[in-house]
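# Mind looking at a prediction? Sequence and model below.
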Amino acid sequence: AAGGEIRRENTAVGLATVVAANADLIPVLAAHPAIAGVARNRSIGSVPRPSAGAPAARHRTGEARTVEQEGRADRRAPAAPQRGSRGGLTEPLAALQWDNQAINATATGSYRVEQGDRRVLVGVMDTGVDGSHPDIAPNFDRRLSRNFTVDIPVDANGDPVDGPCEEEPDRSCTDPPDVDENEHGTHVASAIASPINGLGVAGVAPKVRIVNLRVGQDSGYFFLQPTVDALTYAADHGIDVVNMSYYIDPWLFNCVDNPADSPEDRLEQATIIKAVQRALDYAHRHNVTLIAAAGNQ
């Protein structure tokens, strides 16, 4: 009735993506008692830059490399390869896994007590998971995996986001649910559940199953609707745990009362908060254990 067309709707939490030629649609919707919040679509580059001295948002593709490098400096030489509870080496590169050693996810630590359970489903909400990777494939659940994104070649200003679809390996803007053209999600999935199979490394829970719930773009951006859709999907399909190692663009931090932001910017951030909180609450009510990484700024 307000002149918009619903293109996508998540009825579990009441979030809709709407298109309209009416430039005045936002104030009309915002004034309606049935609408809890509304935000205009925008190009990534239009978000106000941080003030002087504030940390700038890092692109997620760079963060993947940062994660792999963290903690390696000023560390002692890796320990000798450890032997598993059955007498064999856990993994050829176990001695280099300083992260697992830091939390005792090792042959002499947690692996002796609990390596995970095949009935446990861990959803990786990220840039995707390479389900064909030999150190992930044994624990990859292809049937339940989903891709909630569509690649965006350029933004409204013509600036590249994910790049031309015809240049991708599958030459498509809609990737299958076992693909990761960024690598960050595959990195996360490996840290969680690479199996003990003698190929390289093992995850902290090498016997659980991984479900790819792709919510991130190839470029490393993460947007609101895919995040909400993945959370409600996890709730409705018996996913036990979801891991979210990202923040939702375009805002590094969502603030509803920053005097430096315009009223429209504040409304956008409030809408993101409300929508995500609804989805998190929905998933929690359906017994999904929610894990968020504090390291993504």
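Cool, got the structure.
# Let me know how buried R143 is, in neighbour terms.
By other C-beta atoms under 10 Å, 7 other residues sit near R143. Backbone N, C-alpha and C define where each C-beta goes, glycine included.
# who are the neighbours in contact with it?
Contacts for R143 (C-beta atoms under 8 Å, 6 or more residues apart in numbering) come out as none.
# which SS class is it?
coil (DSSP: H, G, I helix; E, B strand; the rest coil).
# From F253, how far out is it?
Going from R143 to F253 by C-beta to C-beta, to the nearest Å gives 37 Å.
# Also P134?
On the measure of C-beta to C-beta, P134 and F253 end up 39 Å apart.
# One more: A191?
25 Å.
# Tell me which of these two has more neighbours.
A191 (21 against 12).
# hang on, that one is in a strand, isn't it?
No: going by three-state DSSP, the assignment for A191 is helix, not a strand.
# you'd agree A16 is in a strand?
Yes: the assignment for A16 is a strand, going by three-state DSSP.
# Could you look up the SS state of the closest residue in space to it that isn't next to it in sequence?
Of all residues beyond its chain neighbours, the one nearest A16 is E9 (4.4 Å), with distances taken as C-beta to C-beta, 6 or more residues apart in numbering. Assigned with three-state DSSP, E9 falls in the strand class.
# ditto for M125
M125 is classified as strand under three-state DSSP.
# For the most centrally placed residue in the chain, give its distance to E181.
Among the residues of the chain, the one closest to the centroid is D126, at 2.7 Å (C-alpha atoms, centre = their mean). D126 is 12 Å from E181, where distance means C-beta to C-beta.
# in stretch 17-25, what's buried?
V18, L25 (16 or more other C-beta atoms under 10 Å).
# Look up phi and psi at V211.
Dihedral pair for V211: phi -120, psi 120, per degrees, to the nearest 10.
# in the chain, which helix or strand is least confident?
Between all helices and strands in the chain, the lowest mean by mean pLDDT, DSSP states H and E belongs to helix 60-69, at a mean of 42.
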